[in-house]
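A.B. asks: When you get a sec, could you give me coordinates for this:
(one chain, ligands or ions: 4)
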Amino acid sequence: CRADVGLYRAKQAGRNRTVLEMSERPPLAIELREAMERGALDVQYQPIVSLPDGTTVGVEALLRWTSTTRPDITPREVIRVAEENDLIGSLDWFVLRRACLDAAILQDAVGGHALMLNVNVSGLEIAEKGYVARVDEVLRATGWPPTQLVLEVTESVLDADSPAAIASVRRLRERGIRIAIDDFGTGYSSLSRVEALPSDFLKLDRSFVSSIAPNSTAPPLLSVIAALSVALGLPVIAEGVETAEQAALLTELGFPLAQGYYYGRPQPVVALFAELAGSRPS
Ligand code: C2E
Ligand code: CA
Ligand code: CA
Ligand code: CA
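C.D. replies: Numbers count the residues shown, from 1 in each chain. Ligands and ions are numbered 1, 2, ... in the order given. Okay, the predicted model is just below:
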């Protein structure tokens, strides 16, 4: 781990900060690397449901680090630290491999019908040389079919400014792997640009769903996005559905898919397996 500390110091120095400013406890990046080496990272799964009938058609894999020294750290912070310290690659590979293995178990729980597995990919990672070959390798090693894998990337990644990422995306889609635009609606790109992006799903950001006020009609923007999704042939997965009322309204607007605490929180594979197997009509 000495090399890591050296690297860390070098990076800090590069940012015109002195090592003396460091706090007593090890920097987050070093704790994270140690957690990775100890196998202290975990993946949880949140159901993605078909809106008309509420059946589980997929799961999103979400990274979890239950740190005893940093109990309050959020997954978003973990991702940020990983991206800033060159750890994001290892993290995303860990999640993809783990998720491809766990998804086979979850698919058994839903009676073997094809389950879609959504995995988040950092924009930094997808633009790396050799990314697609490594995805191939994980799929080959785990046996998970490419046609049941959805990689989630943010809008900015598919921006024309990152040709390397676009090239990866095209090759992934040639294999039948699908691409979802995560946090859709929060990016800076205009709606007209979405048409040109090589993608298969829009993941409607949670902020749109939470803008649905109780006992009210649909926010006009939601109707516009529903129409846009039909026109572009890009099905929407609505994120952050927390109430029956939101689910009903989204269904009424014609959105096909949803995800959120109303349907289920992210949970360990064993817990979700039990839930899915238990709710299946026998
Ligand atoms: P995201 O991809 O937008 O994931 C959805 C987030 O919304 C998750 O937060 C999930 O727990 C949360 N969520 C789901 N339903 C609801 C709901 O009904 N209400 C509310 N309030 N929240 C809901 P989480 O797990 O904290 O992850 C945060 C972000 O961290 C993710 O946002 C994603 O950008 C990133 N992330 C997580 N795992 C990975 C990973 O393996 N690799 C990469 N690169 N990023 C990841
Ligand atoms: Ca996501
Ligand atoms: Ca995201
Ligand atoms: Ca999202």
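A.B. asks: Would you mind listing what in the stretch 1-150 of the chain touches ligand 4?
C.D. replies: Nowhere does the stretch 1-150 of the chain come near ligand 4, counting by C-beta under 5 Å from the ion. Bear in mind the C-beta positions are built from the backbone N, C-alpha and C, glycine included.
A.B. asks: Kindly report the residues of the stretch 1-150 of the chain close to ligand 2.
C.D. replies: Counting by C-beta under 5 Å from the ion, the residues of the stretch 1-150 of the chain that sit close to ligand 2 are residue 120.
A.B. asks: Quick check, residue 106 in contact with residue 58.
C.D. replies: No. Contact between residue 106 and residue 58 fails when scored by C-beta atoms under 8 Å: they sit 9.3 Å apart.
A.B. asks: Identify the contacts common to those two.
C.D. replies: Common contacts of residue 106 and residue 58 (C-beta atoms under 8 Å, 6 or more residues apart in numbering): residue 115.
A.B. asks: Leaving out chain neighbours, which residue sits closest to the residue of the stretch 51-200 of the chain found nearest ligand 3?
C.D. replies: Scanning the stretch 51-200 of the chain for the residue nearest ligand 3 gives residue 182, at 4.1 Å (criterion: C-beta to the ion). Using C-beta to C-beta, 6 or more residues apart in numbering and skipping the chain neighbours, the partner closest in space to residue 182 is residue 152 (4.3 Å).
A.B. asks: Helix or strand: which one has that neighbour?
C.D. replies: Assessed by DSSP states H and E, residue 152 sits inside strand 149-154.
A.B. asks: before we move on, what about residue 218?
C.D. replies: Per DSSP H and E, there is no helix or strand for residue 218.
A.B. asks: next one: phi and psi at the closest residue to residue 103 other than its chain neighbours?
C.D. replies: Nearest residue to residue 103, sequence neighbours excluded (C-beta to C-beta, 6+ apart): residue 117, at 4.3 Å. Main-chain torsions, residue 117, degrees, to the nearest 10: phi -110, psi 120.
A.B. asks: burial of residue 117, as a residue count?
C.D. replies: Counted with other C-beta atoms under 10 Å, the neighbours of residue 117 add up to 24.
A.B. asks: ok, residue 222 - contacts?
C.D. replies: By C-beta under 8 Å, 6+ apart, the neighbours of residue 222 are 208, 211-212, 249-250, 253.
A.B. asks: what about 10 Å?
C.D. replies: By C-beta atoms under 10 Å, 6 or more residues apart in numbering, the contact set of residue 222 is 185, 204, 208-209, 211-212, 236, 238, 249-250, 253, 255.
A.B. asks: Which two among those residues are spaced furthest apart?
C.D. replies: Spanning the widest gap among those are 185 and 249, at 16.5 Å by C-beta to C-beta.
A.B. asks: can you give me the strands in the stretch 51-200 of the chain?
C.D. replies: Remark: strands assigned in the stretch 51-200 of the chain by DSSP state E, counting those that start in this stretch are 56-65, 116-120, 149-154, 178-184.
A.B. asks: Many thanks, we can stop here.
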